[in-house]
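Trainee: just coords:
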């Protein structure tokens, strides 16, 4: 199997797209702009939930995969969607996963999209290291510099490094809004010559990607700007080589 980071070699650049969460219109704009500029599209996970058209987001990312022009990483919402489609009993938020499942049920190609989602999520990489860059949905761990993710991370219960990749770093406490309390101590463990690009946490206060500098001199670019949740979709364009 071709290593994921080799897929964008030969393209003019790499467009890294944050959490989409069903915002199909914005995702189409990001994708069409990338293809017009001969850029490979790397989406950081959390394709669905919350937004108005998760089925169209799935159609677009599957078309990119088929054309070898794009790829998505495993996000926690993708992982949860697959479990729901497999019949695993899980808690369904009506405005999140519940909305996606209803949209898929109503789509004329919903059955095909569900089957394809089960397959693609099951094999989606939990992180990618490309030289001095690490791409991951939720959070970095130094172990990602030395180990490839399990090839079937999306089809298994999250454990070990995959847990960090999907959920970031949590304290075990719950916030007042019912979501886990997250911390970002892992940014201080990024080596000086490394850049981590992730989604999951909407840390930006000005609508632009948030860049955090770590204690060792490394940095993290947080791309999630709230697409599908009242914010907008963000992306950055990078060289296709590390």
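Mentor: Perfect, I can see it now. From a predicted model like this one, the values you see are computed outputs, not experimental measurements. Numbers count the residues shown, from 1 in each chain.
Trainee: Just give the nearest non-adjacent residue to the residue nearest the centre of the chain, would you?
Mentor: Geometric centre of the chain, nearest residue: residue 45, 1.7 Å, by CA atoms, centre = their mean. Spatial nearest neighbour of residue 45, chain neighbours left out: residue 75 (2.4 Å); criterion: CB to CB, 6 or more residues apart in numbering. Yep, even glycine has a C-beta here, placed from its N, CA and C like the rest.
Trainee: With residue 55 instead?
Mentor: Residue 55 sits nearest to residue 107 (CB to CB, 6+ apart), 4.3 Å away.
Trainee: Isn't the one you found up against residue 114?
Mentor: No. Here residue 107 lies out of contact with residue 114, judged by CB atoms under 8 Å, at a distance of 9.2 Å.
Trainee: Pick out whichever of these two has more residues nearby.
Mentor: For residue 107 versus residue 114, the count of surrounding residues by other CB atoms under 10 Å is larger for residue 114: 21 against 18.
Trainee: Let me know the pLDDT of residue 180.
Mentor: With respect to pLDDT, residue 180 scores 72.
Trainee: ok, it - contacts?
Mentor: Contact analysis of residue 180 by CB atoms under 8 Å, 6 or more residues apart in numbering lists 167, 170-174.
Trainee: Dump these to TSV, plus pLDDT.
Mentor: Below are the contacts of residue 180 laid out as TSV (pLDDT from 0 to 100):
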residue	pLDDT
167	95
170	79
171	70
172	72
173	79
174	76
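Trainee: Of the residues you listed - the most surrounded one?
Mentor: Neighbour max across the contacts of residue 180 (other CB under 10 Å) = residue 167, 18 neighbours.
Trainee: still on that earlier bit, helix or strand: which one has the residue nearest to the centre of the chain?
Mentor: Here residue 45 sits in a region with no helix or strand, counting by DSSP states H and E.
Trainee: Residue 29 now?
Mentor: Element membership for residue 29 (DSSP H and E) is helix 24-36.
Trainee: Show me where the protein has its helices.
Mentor: Per DSSP state H, the chain carries helices over the ranges 24-36, 54-66, 76-85, 97-106, 110-123, 161-167.
Trainee: Please produce CSV containing these, extended by distance to residue 222.
Mentor: Below are those laid out as CSV (distance: least, CB to CB, whole Å):
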stretch, distance to residue 222
helix 24-36, 17
helix 54-66, 21
helix 76-85, 15
helix 97-106, 23
helix 110-123, 23
helix 161-167, 15
